[in-house]
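A.B. asks: Generate coordinates for the sequence data below:
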Amino acid sequence: MPDKKDKPKLKIVSNNKTPNKNKLTAKQLGFCKDLVYNNMTLIGAYRNNYDVSDKTQNNSLRAMASKLRAMDNISLTINKMLEEKDRLNKMTDIKKEELILQKLTEFMNNEEFSDSARVRSAELIGKHYKLFTDVTEVTNKDKSTVEVEAQLKEKLGKLLEN
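C.D. replies: Numbers count the residues shown, from 1 in each chain. Coordinates of the predicted model:
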């Protein structure tokens with residue numbers, strides 16, 4: 001039997017004595033990405049990132065996935081990812097809009113195109129900037145039933161006289 005003296009001395013390499021609870025594991029991060037970017041369901045994202053037996057029932061999976069989704073650091077990460085995705089989508093929409101307006105302006109100013117194409121381009125640009133919308137002001141005065149009844153009687157009386 002070997003002596004205790006023969007065993008190697010082990011040293012702690014990491015100086016991180018308390019792990020950061022806000023950091024996500026690779027599986028948790030994959031779960032978040034699948035929910036946000038791949039539009040997976042909770043169960044689908046959970047199955048995709050965690051080792052789950054095929055025999056595991058959907059109710060159990062739903063419970064485990066819901067617990068995971070409810071964790072503070074997971075929900076915070078998902079919310080951040082959703083905000084980033086939304087911001088990128090808005091930027092893409094703005095870039096598309098700018099490109100379309102730029103092309104329409106080119107068509108409008110290019111004399112090689114037919115007059116009808118140039119006028120149509122100008123019309124679409126004007127519609128974009130709402131230059132052709134008519135503003136109609138509607139005022140709605142609420143009348144009591146007594147006032148409406150009196151007006152109707154007056155009008156009926158005038159009609160019967162004629």
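A.B. asks: ok, longest helix in the chain?
C.D. replies: helix 72-109 (DSSP state H).
A.B. asks: contact partners of whatever helix or strand comes next after that one?
C.D. replies: Next helix or strand after helix 72-109 toward the C-terminus (DSSP states H and E): helix 115-128. Helix 115-128 is contacted by residues Leu101, Leu104, Thr105, Phe107, Met108, Asn109, Asn110, Glu111, Phe113, Phe132 when judged by C-beta atoms under 8 Å, 6 or more residues apart in numbering. Glycine gets a C-beta too; all of them are placed from N, C-alpha and C.
A.B. asks: what mean pLDDT does the helix or strand that helix 115-128 is followed by have?
C.D. replies: Later in the chain than helix 115-128, the nearest helix or strand by DSSP H and E is helix 145-161. Averaged across helix 145-161, the pLDDT comes to 87.
A.B. asks: pull the CA atoms of helix 145-161 into CSV?
C.D. replies: Extracted in CSV, the C-alpha atoms of helix 145-161 (Å, rounded to 0.1, in the frame of the first residue of the first chain):
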residue,chain,number,x,y,z
THR,A,145,-81.8,62.8,-26.8
VAL,A,146,-84.1,65.8,-25.9
GLU,A,147,-82.3,68.1,-28.4
VAL,A,148,-82.3,65.4,-31.1
GLU,A,149,-86.0,64.9,-30.6
ALA,A,150,-86.7,68.6,-30.8
GLN,A,151,-84.7,68.9,-34.0
LEU,A,152,-86.6,66.0,-35.6
LYS,A,153,-90.0,67.4,-34.6
GLU,A,154,-89.0,70.8,-36.1
LYS,A,155,-87.8,69.2,-39.4
LEU,A,156,-90.9,67.0,-39.6
GLY,A,157,-93.2,70.0,-39.0
LYS,A,158,-91.5,71.9,-41.8
LEU,A,159,-91.9,68.9,-44.2
LEU,A,160,-95.6,68.5,-43.3
GLU,A,161,-96.3,72.2,-44.0
